[in-house]
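**Q** Here's a sequence, model it:
(one chain, ligands or ions: 1)
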Amino acid sequence: MKTICPHTYARPEATIQHLELDLKVDFLSKTIRGTATYSLNPTVAEKIYFDIHSLDIHSIWINGTYATTDFEIGPHDSLLGQALSIRLPQNTLSLTIHYSTREEAPALQWLNPEQTTEGTHPFLYTQGQPIMTRSWIPIQDTPSIRITYGAKVTLPSDSGMMCLMSARNPKEKSQDGVYQFSMNKPIPSYLISLAIGNLSYQALNDNMGVYAEPVLLEASAWELEEVDQMMHAAQEICGNFLWEQQDFLILPKSFPYGGMENPRLIFITPTLLAGDKSLVSLVAHELAHSWSGNLVTNASWNDFWLNEGFTVYLERRILEMVYGEETAELHAFLGYQDLMVELDKSSEKPKSTHLKLNLQDQNPEEAITFIPYEKGYFFIKEIEKLAGRDTFDIFLKKYFEDFRFKSITTEQFLEYLFENLLDPHKISFAAEDWVYAPGLPQPFFLPLCHKFKIVDEAIPKIVRADAKTILDTRQWETQQWIYFIRKLSDNIQNQDLLTMDQSFGFSTSGNSEILFHWFLNALQSEYYKTLMQELEQFLTTVGRRKFILPLYEGLIRKGEYAKAKEIYTQASKNYHSIARNSIEALF
Ligand SMILES: [Zn+2]
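**A** A predicted model of the protein is given here:
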C-alpha cells in the first residue's frame, strides 16, 4: 500500500482539490455536525482514502446522490486514527461526507466561560498541526496535499459569539449566527482552523488587525503596534505578501503554543501580552511563516525543519531590520544555548538530531524540539554567510517565488540549493552533513554579544547584594534577563535568590518568559519551595506547553511527584490535549 507520507492513509492516485464545509456548532453537547463536500482531482482510481480520528461518519453522497454501501472504516490506530475508504463510481467529481465530531476530538478545545478572560461566553478553537485536523474534518491529512476551501458555520443565533477561520473573516458578529468563509489559496490541511468566542476586532492598518476578547482588545492592539514595520521588513526580505489580509487572534490562556501560523489569522498565546512589547519576536516568527511554512510547505513532517529553520532565520532577519542587529544577535545566542542543551540531551538518540527526520510510527509532535528550529536556523545562516547576504537574498526571493503554494521535500530543497546558489557561485559546502548527520558538522562557537557581556560583568555584583541600589538594569532587555537567570549557578544560597527576587520582582513579573525562566532556575535548587504558590498559580493559568512541560519535569526531578500530580489534576482542564499528552507521558 503506497501512501503519500508516513502520517496519512491517503494515496496519491485519488486526491482532493477543494473542500466546502457546512457545519453546525453545538456548545452544549460539545460537537460539530455537518457535511464536508470535496471536489476531486481527476482520477480513475476505484477508491479514495481519507484520514479520520474520533469522527462519526453518518453517510456519503456521490455527485450529490445518496449512496449507502460505499465506504469502509479501518481499524483504529492510536497515532493515525482510522482510514476511511470510499469506493468511487466512474465519473465521480465530488463527494459529500455527513459526519459529526466527538467531545474528545484532540484538535478541538471546548472552553467553559470561566476558562476565558471575560468569563461570560464559552470558547472553541482548533489546533490542526501536525495531524489533528482529521479529528474535526474527514481529510487527507498530509501537508503534501493542498486544497482551497470554503465554509458555512452556524452558531445558535443568540450565542453572542463571533466565528473565525483561516480564511476571509468577518469583522463583526453576525445577527443570525451564520458565518461564511473562503480561502482561495491552496493550503495544507493542518492550516485549516476555526475559533469561536466573544471576540471583537480592531484594525491595525489597512490589511492587518487583531481579534481578542473585548477586555483584552486594547492591550492586544497596543502590544502588536509594530507588526506594520515587521510586515514591511518581511516583504523586503521574502517578496510580496500573498495572503491579502493578516489578522491576529489572541487565544485564551490554555492555548498550547506560542503561536500558530494559520493563514490570514495567526493564533497567538495571551502570554504575549507582557505590557512592554518585549515578546514580539514571537509575532515576527508567526509572520515569517506566511512565506516559510504557509507559502512553501514541508511535504511531510520528516521535513519539518524546512518550515521552522527557515522561519527562525526570517524571524531574526525581521528583528534585525526593525530593532537592529544587536537584538537579532541576542535571540540567536539564546537559540544557540537552547540548541546546545538539546544536542546534549539527545546524545543517546543521535538520529533525532538530523534535520531530515524519519518519523515513521512516531508522533510528529515529538519532532518539536529545538533541532528543526535552531539547527535549521544555523544551517540557513551558514549558507547565507558562505554566499554573502546580497547573493543569498536574491536566492531566497527566487525560492519563495518558484515554490509558492507548493509543498516540498528536503531533497527538492537541496537540489534547488545546489542548482541555484552553490554551484553557480562555486561555493563548496557539505550541506548533506547538516541534513543527514547528527549534531553539528563542525563545532562552532558563537561570540558573546555586548549586551550579554554587560550581564556577565553584573552577575558577581548582583548575587550577594541588594543589587538594585548598585546597578542600573532599567535598560536591560528580556533576553538579557533570560541570559542572566540561566547563568545563575545552582549553588547560590536561597537567601541570595530571595534577595534578588525581592530586588527585581522576577516571581511576580508580567513577562511570561522571565517568569518561566525564574521558576525553572528555582527548580535547580531548593528555592522553588519558597515559590510554590506562584508556581502553582502559573501552572494552573497558563497552558503553553513550552513553559509548563519543563516545570512539571523539574518538579518531578525534585521528588515532588505527588505535588506535581495534584497541581496537574487541578490544572489539566485548562490544557489543550497537546499539552496534556506530553505531561501525562511524564507521569
Ligand atoms: Zn514556527
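**Q** Where does pLDDT dip in the protein?
**A** Applying pLDDT under 70 to the chain flags the ranges 1-3, 67-69, 463-470, 490.
**Q** Near the ion, which residues of it are found?
**A** Applying CB under 5 Å from the ion, one finds that the chain approaches the ion through 308, 311. C-betas here are computed from N, CA, C, even on glycine.
**Q** from the stretch 101-250 of the chain, which residue is nearest to the ion?
**A** Nearest to the ion in the stretch 101-250 of the chain, going by CB to the ion, is residue 129, at a distance of 9.4 Å.
**Q** Need the phi and psi values for the residue nearest the centre of the chain.
**A** The centroid of the chain falls nearest to residue 260 when counting by CA atoms, centre = their mean (3.9 Å). When read as degrees, to the nearest 10, the backbone of residue 260 gives phi -140, psi 130.
**Q** That one and residue 550, how far apart?
**A** 20 Å (CB to CB, to the nearest Å).
**Q** again with residue 332
**A** 21 Å.
**Q** So these two - more neighbours on which side?
**A** A direct count of neighbours by other CB atoms under 10 Å for residue 332 and residue 550 places residue 332 higher, at 21 against 16.
**Q** can I assume the more buried one is in contact with residue 339?
**A** No. With contact defined as CB atoms under 8 Å, residue 332 does not count as touching residue 339 (10.2 Å).
**Q** Neighbours of residue 215, how many?
**A** Using other CB under 10 Å: residue 215 sits among 14 other residues.
**Q** swap that for residue 227, sorry
**A** Counted with other CB under 10 Å, residue 227 comes out at 25.
**Q** can you give me the helices in the stretch 301-450 of the chain?
**A** 304-323, 325-345, 370, 376-387, 389-402, 410-417, 431-435, 450-462 (DSSP state H, counting those that start in this stretch).
**Q** Dump the fourth one to PDB, keeping only the CA atoms.
**A** So that's helix 376-387. What follows is helix 376-387, C-alpha atoms only, in PDB (Å, rounded to 0.1, in the frame of the first residue of the first chain):
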ATOM      1  CA  GLY A 376      17.800  24.600  10.900                       C
ATOM      2  CA  TYR A 377      18.500  28.300  11.600                       C
ATOM      3  CA  PHE A 378      22.200  27.800  11.900                       C
ATOM      4  CA  PHE A 379      22.200  25.800   8.700                       C
ATOM      5  CA  ILE A 380      20.500  28.500   6.700                       C
ATOM      6  CA  LYS A 381      22.700  31.100   8.400                       C
ATOM      7  CA  GLU A 382      25.800  29.200   7.300                       C
ATOM      8  CA  ILE A 383      24.600  29.200   3.700                       C
ATOM      9  CA  GLU A 384      24.000  32.900   4.000                       C
ATOM     10  CA  LYS A 385      27.500  33.500   5.300                       C
ATOM     11  CA  LEU A 386      29.100  31.500   2.500                       C
ATOM     12  CA  ALA A 387      27.100  33.100  -0.200                       C
END
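**Q** can you give me the strands for the stretch 151-300 of the chain?
**A** Taking DSSP state E, counting those that start in this stretch as the test, the strands found in the stretch 151-300 of the chain are 162-165, 178-188, 194-197, 200-205, 208-212, 246-250, 259-260, 265-268, 296-298.
**Q** Whichever residue of the stretch 351-500 of the chain sits closest to the ion and residue 361: what is the separation?
**A** Nearest residue of the stretch 351-500 of the chain to the ion: residue 373, at 7.2 Å (CB to the ion). Using CB to CB, we find residue 373 at a distance of 23 Å from residue 361.
**Q** next one: residue 404
**A** Taking CB to CB, one finds residue 404 at 32 Å from residue 361.
**Q** Over to residue 559?
**A** 34 Å.
**Q** Kindly report the same for residue 459.
**A** 46 Å.
**Q** what does residue 505 give?
**A** 47 Å.
**Q** And the residue in the stretch 401-550 of the chain that the ion sits nearest to, which helix or strand is it part of?
**A** Closest to the ion within the stretch 401-550 of the chain is residue 546: 11.5 Å, counting by CB to the ion. Secondary-structure element containing residue 546, defined by DSSP states H and E: helix 545-557.
**Q** What lies in contact with the helix or strand that comes right after that helix?
**A** Remark: after helix 545-557, the chain's next helix or strand is helix 561-571, criterion DSSP H and E. Applying CB atoms under 8 Å, 6 or more residues apart in numbering, the contact partners of helix 561-571 are 532, 536, 539, 540, 552, 555, 556, 583, 587.
**Q** now those residues: which count as buried?
**A** 539, 540, 552, 555, 556, 583 (16 or more other CB atoms under 10 Å).
**Q** I figured the second one hits residue 574, correct?
**A** It refers to residue 540. Yes. Using CB under 8 Å, residue 540 is in contact with residue 574, at 6.7 Å.
**Q** Of the buried ones among the contacts of helix 561-571, which pair is most distant in space?
**A** By the measure CB to CB, 540 and 556 form the most distant pair in these, at 17.1 Å.
**Q** hang on, the earlier thing: so residue 505 and residue 361 - more neighbours on which side?
**A** Shown here are residue 505 and residue 361; by other CB under 10 Å, residue 505 has more neighbours (13 against 10).
**Q** got the contact list for the more buried one?
**A** Taking CB under 8 Å, 6+ apart, one finds nothing in contact with residue 505.
**Q** now swap in residue 297 and tell me
**A** 143, 146, 188, 307, 406, 407, 408.
**Q** which residue sits closest to it in space, ignoring its chain neighbours?
**A** residue 407 (4.3 Å; CB to CB, 6 or more residues apart in numbering).
**Q** One more: residue 364?
**A** residue 301 (3.5 Å).
**Q** With residue 310 instead?
**A** residue 292 (3.6 Å).
**Q** Quick check, the one you found in contact with residue 317.
**A** No. In this structure, residue 292 is not within contact of residue 317 by CB under 8 Å, at 11.1 Å.
**Q** So those two - more neighbours on which side?
**A** residue 292 (27 against 24).
**Q** residues contacting residue 342?
**A** 353, 369, 370, 371, 374.
**Q** where's it relative to residue 114, distance?
**A** Where residue 114 is concerned, residue 342 sits at a distance of 37 Å (CB to CB).
**Q** now do residue 362
**A** With CB to CB as the criterion, residue 362 and residue 114 are 36 Å apart.
**Q** Neighbour count: these two, which is higher?
**A** residue 362 (16 against 10).
**Q** And the more buried one, how close does it get to residue 351?
**A** Residue 362 is 11 Å from residue 351, by CB to CB.
**Q** Equivalent analysis for residue 543, please.
**A** Taking CB to CB, one finds residue 543 at 31 Å from residue 351.
**Q** Repeat that for residue 94.
**A** 43 Å.
**Q** More neighbours: the two, which one.
**A** Neighbour totals were compared for residue 94 and residue 351, and residue 94 leads with 16 against 12 (other CB under 10 Å).
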